[in-house]
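[1] What follows is a protein structure lacking sequence information:
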């Protein structure tokens, strides 16, 4: 992992809902010990309000919905597809566990969608799997996804690996080299699809979007979902994407 990537991830971490809310609360406690009660009161109230808002189910849905519903699910599969690119997500290497336990849930869903499309195309398209080692894991994510795909019956010759791409921009650059502008389906989580498509378009590619792993409860929202860990996770995901979109604009993509 390069210093620039590490710095970007560190800054984005502290801007996420939970860390930022905790910073407000800790500053409030610090000011309380300094007997600056007025400042402490405002910081503590702000921290609680912040965490309440981002862990409230309907608010998380408001953040996620515009991201997840920019593109429709790919139900009618283009038959001219030459490649199916499944973007990487997360894993942890532990050889004592089944491969389905080593690959993160979201990554499993992405791969399952890629395999569904591969089978619907009767094996005529190549499956591209990407992802690097991460910060503390020795195995590239692409290798882990390949192991899972092989265990599910996908032939090795149908898989192309991109094991060194560290982010979506690098995955898009790899796609340009591999596909040479042939028709391609892009598989990633629904919330990530708008940013991913933009990186691919920036490389002159126009993939068919196949969003999966929808997490916003927009049809039947639960207005009593208060201080929910699921909602906090959803808000965190959305904030990460909005920061990523801002970074794209700064880079001119």
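    Received, thanks. If you're wondering where the values come from, they're calculated on a predicted model, not measured in any experiment.

[2] what about the chain, any weak spots by pLDDT?
    Applying pLDDT under 70 to the chain picks out residues 1-8, 218-220, 253.

[3] Against which helices or strands is the lengthiest helix in it packed?
    Among the elements of the chain assigned as helix by DSSP state H, the one spanning the most residues is helix 229-250. The contact analysis (3 or more Cβ pairs under 8 Å, 6 or more residues apart in numbering; DSSP states H and E) places helix 229-250 against helix 3-14, helix 17-33, helix 37-54, helix 57-68, helix 193-202. Where C-beta positions appear, they are placed from N, C-alpha and C, glycine not excepted.

[4] the inter-axis angle of that helix versus helix 17-33?
    Interaxial angle, helix 229-250 versus helix 17-33 (axes from the mean of the first three to the mean of the last three Cα atoms, to 10 degrees): 100 degrees.

[5] Show me which residues of helix 229-250 are buried.
    Across helix 229-250, burial judged by 16 or more other Cβ atoms under 10 Å covers 231-241, 243-244, 247-248.

[6] now that helix, how far from the centre of its chain.
    9 Å (Cα atoms, centre = their mean, to the nearest Å).

[7] Give me the distance between the residue nearest the centre of the chain and residue 35.
    Most central residue of the chain, judged by C-alpha distance to the mean C-alpha position with Cα atoms, centre = their mean, is residue 192 at 5.4 Å. Computed as Cβ to Cβ, to the nearest Å, the residue 192 to residue 35 distance reads 46 Å.

[8] Residue 154 now?
    Separation of residue 154 from residue 35 (Cβ to Cβ): 65 Å.

[9] Mind checking which of those two has more residues around it?
    Here residue 154 and residue 35 are compared on neighbour count by other Cβ atoms under 10 Å; more neighbours surround residue 154, at 20 against 7.
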